[in-house]
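Enquirer: Provide a 3D model corresponding to the input given below.
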Amino acid sequence: MVVPLAEQFDVVVIGGGPGGYAAALYGAAAGLKVAVVEKDKLGGTCLNRGCIPAKEYLETAQVYRTVAHSASFGISAGEPTIDFGVAQARKQKVVDQLVGGLSGLLKKRKVTVVKGFGRLSSGRTVKVDDGTELKAAHVVLAAGSVPRTLPGFDVDGTHVHTSDEVLSWTELPRRVAVVGGGVIGCEFASALCDLGCEVTILEFLPTLMPPVDTDIRAVLEKAFKKRGITVHTGAKVEGHEPQDDGSTVIRWNGDQALAVDAIVMSVGRRPYPDGLLDDGAGVEVDDKGFVKVDGTMRTSAEAVWAVGDLVNTPQLAHVAFAEAITAIRDVLGEPALPVDYEKVPWCIYSHPEAAYAGLTEEAAQKAGYDVVVEKLRMVGNGRAIIVGETDGLVKIVAEKQADGTGGRILGVHLAGPWVTEQLGQGYLAVNWEATVDEVAQLLQPHPTLSETFGEAVMALTGRGLHG
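Expert: A predicted model of the protein is given here:
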């Protein structure tokens, strides 16, 4: 779309990812005149090279597992094979459908979309690399992030890959080393293992997924080992040596080495303020590249906000949504509650899945709470037995009352089948500071996987049924 020079907008958003398009849609719904400047495709990393395509990989793996184990249900389907080209085409169809839907929604809300690289100058002027200039009463920075790598591991798309390259693979490697055992690394490892790759995870820290509750993490680690995923923790990777046959040897901890066909770097993402700010923009950036903001996402520059991966908060699309809404409410002069990052919901789409909200048992104790916990395994859940997925656990962390029963719910931690779809009630309980007595009175439909959550809460009242 061609935009007149120096056109005036109520809000100009730089970046069309989750934080950016959420700010634009929310602002437009409130009657603001909004423009979005996006250098690549609407939807940003999440829709195009992150959440959505990665979960499509994981769903392909889920279908493969279902077919592979269908004989136990009396279904004769034979040994499944993977046509990865078809899987990739389906992934792209899903991505294109969502990006197209987003484009249509922005158009319906009369949001002006400008294609190009936007840069904030003084006086809240946004300069686009095609020469367009947009004047804004308010600016929201939402430039997102890019994958990190490590020294000695330059991304070449042949031996060394990040999530960007993995999600564009046309064929699967036989042997893969995943460097980084955080959420993204474990999701990739899980999917690639299910799709037939030999997978090794190399994690620098002593455990996989450090923020995850210890008991939940143990369920995932046991399942990974059972499925043949090799895990090395305390592994400091040092480099790799390409071989004549197209493989590469990755080295760690001095004397450890492994020949693989691909190295997947999953060591996090860095903010992307590169070229975003002119010297006169007045926006402060810390030494790690994050834009500094206050509780309502205001930067150091007047009438300029920043949201999403550009700020030092959990790099989650739903966090970016919430921050965008907070920023636009502040633009409108409405009450704008800061996001409570301690209670953010987290979902891990590995097999088995994990999901949590609130404090872990260890974190609650460090915060000074006297706690009581209840842990119930999925092995006794009727629905879990029916679907053949009993590797799972529900753990509730609550304040301990004088009589030893649970009071306010501080954390809900889940592992097992489809727990990412079950976290909603746990998240609400934590954020509404509900007590176990209040939640225990609520009905859980039967037979469902979520019954285990209800059972665990009821047990904390001192009157559990099956625990």
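Enquirer: off-centre distance for the lengthiest helix in the chain?
Expert: In the chain, assigned by DSSP state H, the helix with the most residues is helix 84-108. How far helix 84-108 lies from its chain's middle: 19 Å, per Cα atoms, centre = their mean, to the nearest Å.
Enquirer: list the contacts of that helix.
Expert: For helix 84-108, the external contacting residues (Cβ atoms under 8 Å, 6 or more residues apart in numbering) are 21, 24-25, 28, 36, 41-43, 47-48, 52-53, 56-57, 60, 113, 167-172, 195. No exception for glycine: its C-beta is placed from N, CA and C like everyone else's.
Enquirer: in helices only, show me those residues.
Expert: Tyr21, Ala24, Leu25, Ala28, Leu47, Asn48, Ile52, Pro53, Glu56, Tyr57, Thr60.
Enquirer: how far away is the first one from Tyr356?
Expert: Using Cβ to Cβ, to the nearest Å, Tyr21 is found at 27 Å from Tyr356.
Enquirer: circling back to that earlier point, most neighbours among the ones in helices among the contacts of helix 84-108, please name it.
Expert: Highest neighbour count within the ones in helices among the contacts of helix 84-108: Ala24, with 31 neighbours (other Cβ atoms under 10 Å).
Enquirer: thought that one was touching Val13?
Expert: Yes. Between Ala24 and Val13 there is a contact at 5.2 Å, judged by Cβ atoms under 8 Å.
Enquirer: overlap of the contact sets of the two?
Expert: Common contacts of Ala24 and Val13 (Cβ under 8 Å, 6+ apart): Val34, Val36.
Enquirer: next, count neighbours for Val160.
Expert: Around Val160 there are 23 residues (other Cβ under 10 Å).
Enquirer: pLDDT wise, what is the nearest residue to Val99 once chain neighbours are set aside at?
Expert: Of all residues not flanking Val99 in the chain, Gly43 sits nearest, at 4.9 Å (Cβ to Cβ, 6 or more residues apart in numbering). Gly43 is assigned a predicted lDDT (pLDDT) of 94.
Enquirer: show me what contacts Gly43?
Expert: Gly43 neighbours (Cβ under 8 Å, 6+ apart): Gly16, Gly17, Pro18, Tyr21, Ile52, Val95, Leu98, Val99, Leu102.
Enquirer: 10 Å - rerun?
Expert: Contact analysis of Gly43 by Cβ atoms under 10 Å, 6 or more residues apart in numbering lists 16-18, 20-21, 49-52, 95, 98-103, 317.
Enquirer: list buried residues within those.
Expert: 16-18, 20-21, 49-52, 95, 98-99, 102-103, 317 (16 or more other Cβ atoms under 10 Å).
Enquirer: flag every buried residue along stretch 222-237.
Expert: Buried-residue list, stretch 222-237, by 16+ other Cβ under 10 Å: Ala223, Phe224, Ile229, Val231, His232, Ala235, Val237.
Enquirer: got the end-to-end distance for that stretch?
Expert: With Cα to Cα, to the nearest Å as the measure, the ends of stretch 222-237 fall 24 Å from one another.
Enquirer: determine the longest strand present in the chain.
Expert: Longest strand in the chain by number of residues (criterion: DSSP state E): strand 406-416.
Enquirer: with only the CA atoms kept, save the helix or strand just after it in CSV.
Expert: Later in the chain than strand 406-416, the nearest helix or strand by DSSP states H and E is helix 423-431. The C-alpha trace of helix 423-431 is given here as CSV (Å, rounded to 0.1, in the frame of the first residue of the first chain):
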residue,chain,number,x,y,z
LEU,A,423,-4.1,-25.5,32.0
GLY,A,424,-6.9,-22.9,31.6
GLN,A,425,-8.7,-23.7,34.9
GLY,A,426,-5.4,-23.9,36.7
TYR,A,427,-4.3,-20.5,35.3
LEU,A,428,-7.5,-18.9,36.4
ALA,A,429,-7.3,-20.4,39.9
VAL,A,430,-3.8,-19.1,40.3
ASN,A,431,-4.6,-15.6,39.0
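Enquirer: and stretch 284-300, how far from the chain's centre?
Expert: Here the centre of stretch 284-300 is set off from its chain's centre by 21 Å, with Cα atoms, centre = their mean.
Enquirer: give me the buried positions along it.
Expert: Neighbour-count burial for stretch 284-300 [16+ other Cβ under 10 Å]: Val285, Phe290, Val291, Val293, Thr296, Met297, Arg298, Thr299.
Enquirer: isn't Val114 up against Leu42?
Expert: No. Assessed by Cβ atoms under 10 Å, Val114 is found out of contact with Leu42, at 11.3 Å.
Enquirer: phi first, then psi, for the residue nearest to Val99.
Expert: With angles defined as degrees, to the nearest 10, Gly43 sits at phi 100, psi -20.
Enquirer: separation between it and Leu102?
Expert: 6 Å.
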